[in-house]
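> what follows is a predicted protein model with its sequence.
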Amino acid sequence: MVSELDLALVHALQVRPRAAWTDLAPLLGATPVTLARRWERLTAQGLAWVSAVPGPSFSRSGCTAFVFVRCAPAARQRLADRVARLREAVTVELVAPGHTDLMLDVLAPDLAGMHRFVSEELAALPDVLDVECVFATSLYAEGSRWRLGSLDASQLSVLGRSDTADGAGSAVFDLGPLDHLLLDALVRDGRTRLADLAALTGSSAATVRRRLGRLTASGVVALRCDMAPAVSGLPVSVTFRGRATAHEVNRLHRTLATLPECRLLAAVTGSANVLATYWLRDIGSVQQRETAACAQLPSLEVTDRVLGIRTVKRMGHVLDGEGRRVGICPIRPW
């Protein structure tokens, strides 16, 4: 069972993923020991986890794409499991049969790396019949910015700013060996203690704190708290693809991204230049979200509705049929 305290704890870690239990205890009305035990149980059961993901500045040098794969009907699960083992395919979702069978989020260090993966590695897999790839030109909303909604305004005010900076004006810098070691560890567990990170990297805790602060402040990395549907209460995932005028696309962050169930919102290449993913309570909410989205952005023409059946992997974390984390295929897009 997921309690109200569990929900509040997860929301707090969405805002401040590495917050100390002693800092959160007064806010949540529980002892630090209780919070630590609650989090240990949630992670052990695969219900919630914190990990490192690319931050806002990744788009300056890296490449993000959404890939739609069609395969033979009998090969869907087999292909999904195989693609989930590929590092570049950071998220793999089985979708309701239609124009596509799998939907992937793919990250690569550059355009050449993306082309190599999609055209040479993915398209060459047995069972793959067709591949469509669209590139994200702007991300207006994504998982590290989505919130559960369990804390009230006064609690959020106490929490203050997120640990994750927006990185809007930060200069891109070259990552060194120490940075890569830190990122590899935080991809697995974003709450790894400073002392453990220091031991893993052969550095001091002060050095690790300074390097981690630089990575997050620059927007190279974001720390994100993810959860299973048993925690979010939103078991249905739907992705809308649509067309809007270039002028209207610039308003996406002020329109569609304001809808609370919006998990991902991107301007993309191709004739359908808008892609939006919503987490919903039931299938009956799909039409309501589409109606609300079109009301918010009148020029939007929805061209496809891709209903998720099962998320096999999310940002490198392997999930079971109920969306609980059961393993990891670590991402390394930096």
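Here it is on my side, so go on.
> where along the stretch 151-300 of the chain do the helices fall?
153-159, 177-188, 194-201, 205-218, 229-232, 246-249, 285-296 (DSSP state H, counting those that start in this stretch).
> tell me which of the ones you listed is the most buried.
Stretch with highest mean neighbour count among the helices of the stretch 151-300 of the chain: helix 229-232 (a mean of 20; mean count of other Cβ atoms under 10 Å). (Glycine included, C-beta is placed from N, CA and C.)
> for the helices of the stretch 151-300 of the chain, which has the smallest mean pLDDT value?
Set side by side, the helices of the stretch 151-300 of the chain show their lowest mean pLDDT on helix 246-249, which sits at a mean of 88.
> circling back to that earlier point, now the helices of the stretch 151-300 of the chain as CSV including distance to S138?
Output for the helices of the stretch 151-300 of the chain, formatted as CSV (distance: least, Cβ to Cβ, whole Å):
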stretch, distance to S138
helix 153-159, 26
helix 177-188, 24
helix 194-201, 33
helix 205-218, 19
helix 229-232, 25
helix 246-249, 8
helix 285-296, 17
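> and those helices: which comes nearest A136?
helix 246-249 (12.3 Å; Cβ to Cβ).
> for the stretch 201-334 of the chain, give me the ranges with low pLDDT.
Nowhere does the stretch 201-334 of the chain drop to pLDDT under 70.
> can you report phi and psi for L300?
Reported as degrees, to the nearest 10, the phi and psi values for L300 are phi -70, psi 130.
> which residues does it contact?
With contacts defined as Cβ atoms under 8 Å, 6 or more residues apart in numbering, L300 is in contact with G242, R243, A244, E248, L256, V274, A293, C294.
> just to revisit the earlier point, nearest to M114, out of the helices of the stretch 151-300 of the chain?
Nearest to M114, of these and by Cβ to Cβ, is helix 177-188 at 19.4 Å.
> elements contacting that closest one?
Under the contact criterion of 3 or more Cβ pairs under 8 Å, 6 or more residues apart in numbering; DSSP states H and E, helix 177-188 touches strand 48-54, helix 194-201, helix 205-218, strand 221-227.
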